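Novice: The sequence and its predicted three-dimensional model are supplied below.
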Amino acid sequence: TRSSIIMAAELEAAVLNSLRSNPNITTTSFYDDVLGFYHAVNWGESWLHALAAFQLAVWLLAALTRKNSNVQLALLFVVLGLVYSAEWLNTLGSRHWAAFASQNYFDPRGVFISVVYSAPLLVAAFGMLINALRSAARLLVEVKKLQFKTEAKAKRQNAVTAKAAASHKKEA
């Protein structure tokens, strides 16, 4: 049994060494990946500032129109359309990156555009969707309250009518 434990440990060490030597397998943490992404991007570029301003404008518009369901719905569809266009924008950016960026951020898998363009828009869209669900729930509660009041009023009216009819029958 002792020799089988030693053999298992040696096998484990061999597998780990094999994994470490394979360049296609990454063993870094999520934090390391995020930090690497952050340092790989030149955040001082003006087009990234414009993109950040656009994202901020979308978020502000979503927050300021949160009580207007029609505007929120239109904005939700616009935002989802913009997210849908991300693949096309990535292809366009890949072709013409030299005109506005210091390096080509637009990889074939679309990781960069997904992180800096689509993800913030999707979070804003999710917020608008949650707001729409809250509004629908609030409206449902109001409709049910009104229904209960109407039914109670109708019952009282029927009771008064039945009482009046009964007293009218006694008199006759």
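Specialist: Received it, and whenever you're ready, just let me know what you need.

Novice: biggest helix in this protein, by residue count?
Specialist: Counting residues, the longest helix found in the chain (DSSP state H) is helix 119-171.

Novice: And the average pLDDT for that one is what?
Specialist: Averaged over helix 119-171, pLDDT sits at 90.

Novice: packing partners for that helix?
Specialist: Other helices and strands packing on helix 119-171, by 3 or more CB pairs under 8 Å, 6 or more residues apart in numbering; DSSP states H and E, are helix 46-64, helix 69-84. For the C-beta atoms, the positions are set from N, CA and C on the backbone; glycine is no exception.

Novice: so which of those gets nearest residue 136?
Specialist: Set against residue 136 and scored by CB to CB, those come closest in helix 69-84, at 8.9 Å.

Novice: Could you name the helices and strands sitting against the closest one?
Specialist: Using 3+ CB pairs under 8 Å, 6+ apart, the elements in contact with helix 69-84 are helix 46-64, helix 119-171.

Novice: Report the buried residues of stretch 123-142.
Specialist: Using 16 or more other CB atoms under 10 Å as the test for burial, stretch 123-142 gives 124, 125, 127, 128, 131.

Novice: hmm, back to that, closest one to residue 101 among the helices and strands packed on helix 119-171?
Specialist: Each of these has some distance to residue 101 by CB to CB; the shortest is helix 46-64, at 6.3 Å.
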